[in-house]
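**Q** take this sequence and fold it.
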Amino acid sequence: MNKLKFIPIIGIPEIKSQDNIPKIINKGLLNNKICLKDNDILVLTQKIISKSENRIMNLDSVKPKSKAIKLSRELKKDPKLIQLIIDESKSIIKIDKNRGIIITETKLGHICANSGIDSSNIYGTNNVSLLPKDPDKSAKLIFNNLTQDHEIKNLGIIISDTFGRPWRVGQTNISIGSYGINPFIDYQNNTDAFGRKLNTTKICIVDELSGGAEILMEKALKIPIVLIR
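**A** Predicted coordinates:
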């Protein structure tokens, strides 16, 4: 591999609950005059998966408990949001009062701010999106449909989200689920350019591809899907 092409899929509509994501992808590819090929990779934002899987929550439906109410006073946040952050977490790693965020380990095992709960690009009033319950399963479903529709065998599906990084300014896209692609390139037992043996180098290729796709996923232009060829 010596060249990658990143192609934004333009014109994807606003996603609603129970929408058929493979069908929407196919229509988007057709409108962009793109045919899927073997070894293509599709990077999809978490947000469209969450919307289609009804992972949108209205904060008015949440009843905060005493712990959430106490934390909300310390962080100056809505206690209903705090309760949802707690509900969607496996454990709380750190409470950052200066920035008003809670670093948690999600039920999926990701370490992120506020359990990955997000209010951007969400229709309705007082709504937030939660992470998909099983993004690997979601990716597999899309893989099965698209490989059958396009009569191909090799297709990578990556579901991505934007995360912060410890001790680094800014955020980057990472993979929170994938199917049809090996998440890693493992250089262990290979040699470097000077003949030295590599013992531990393992590159998380799905994160790197997600980061590249993020450059084209302009939120204001609603580009939630990028094809990598």
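**Q** quick one: the helices in this protein, in order.
**A** 21-31, 46-52, 66-75, 79-87, 135-150, 205-214 (DSSP state H).
**Q** among those helices, which comes closest to Asn114?
**A** helix 79-87 (5.1 Å; CB to CB). In this view, the C-beta of every residue, glycine as well, is placed from N, C-alpha and C.
**Q** now the angle between helix 66-75 and the closest one, please.
**A** 120 degrees (axes from the mean of the first three to the mean of the last three CA atoms, to 10 degrees).
**Q** what's the lowest-mean-pLDDT helix or strand in the chain packed up against?
**A** Between all helices and strands in the chain, the lowest mean by mean pLDDT, DSSP states H and E belongs to strand 184-186, at a mean of 87. In terms of contacts (3 or more CB pairs under 8 Å, 6 or more residues apart in numbering; DSSP states H and E), strand 184-186 is packed against strand 202-204.
**Q** state the pLDDT value of the closest residue to Lys94 other than its chain neighbours.
**A** Sequence neighbours aside, Ile103 is the residue nearest to Lys94 in space, at 4.3 Å (criterion: CB to CB, 6 or more residues apart in numbering). At Ile103, the model reports a pLDDT of 94.
**Q** Ile103 and Lys133, how far apart?
**A** 21 Å (CB to CB, to the nearest Å).
**Q** of those two, which one has the most company?
**A** Using other CB atoms under 10 Å, the more surrounded residue of Ile103 and Lys133 is Ile103, with 18 against 13.
**Q** can you get me a residue count around Tyr179?
**A** Burial of Tyr179 is recorded as 19 neighbouring residues (other CB under 10 Å).
**Q** just Ile111 next, same as before
**A** Count around Ile111 with other CB under 10 Å applied: 14.
**Q** and the contacts of the least confident helix or strand of the chain?
**A** For strand 184-186, contacts defined as CB atoms under 8 Å, 6 or more residues apart in numbering pick out 201-205.
**Q** change it to 7 Å
**A** 202-205 (CB atoms under 7 Å, 6 or more residues apart in numbering).
**Q** can you tell me which of these is closest to Lys67?
**A** Of all the contacts of strand 184-186, Cys204 has the smallest distance to Lys67: 34.2 Å, by CB to CB.
**Q** I figured the closest one hits Pro183, correct?
**A** Yes: contact status for Cys204 versus Pro183: in contact at 6.2 Å, counting by CB atoms under 7 Å.
**Q** for the chain, which residues score under the pLDDT cut-off?
**A** Across the chain, residues meeting the criterion (pLDDT under 70) sit at 1, 193, 198, 200, 219-221.
**Q** contact partners for the residue nearest to Lys94?
**A** Residues in contact with Ile103 (CB under 7 Å, 6+ apart) are 93-94, 96, 111, 113.
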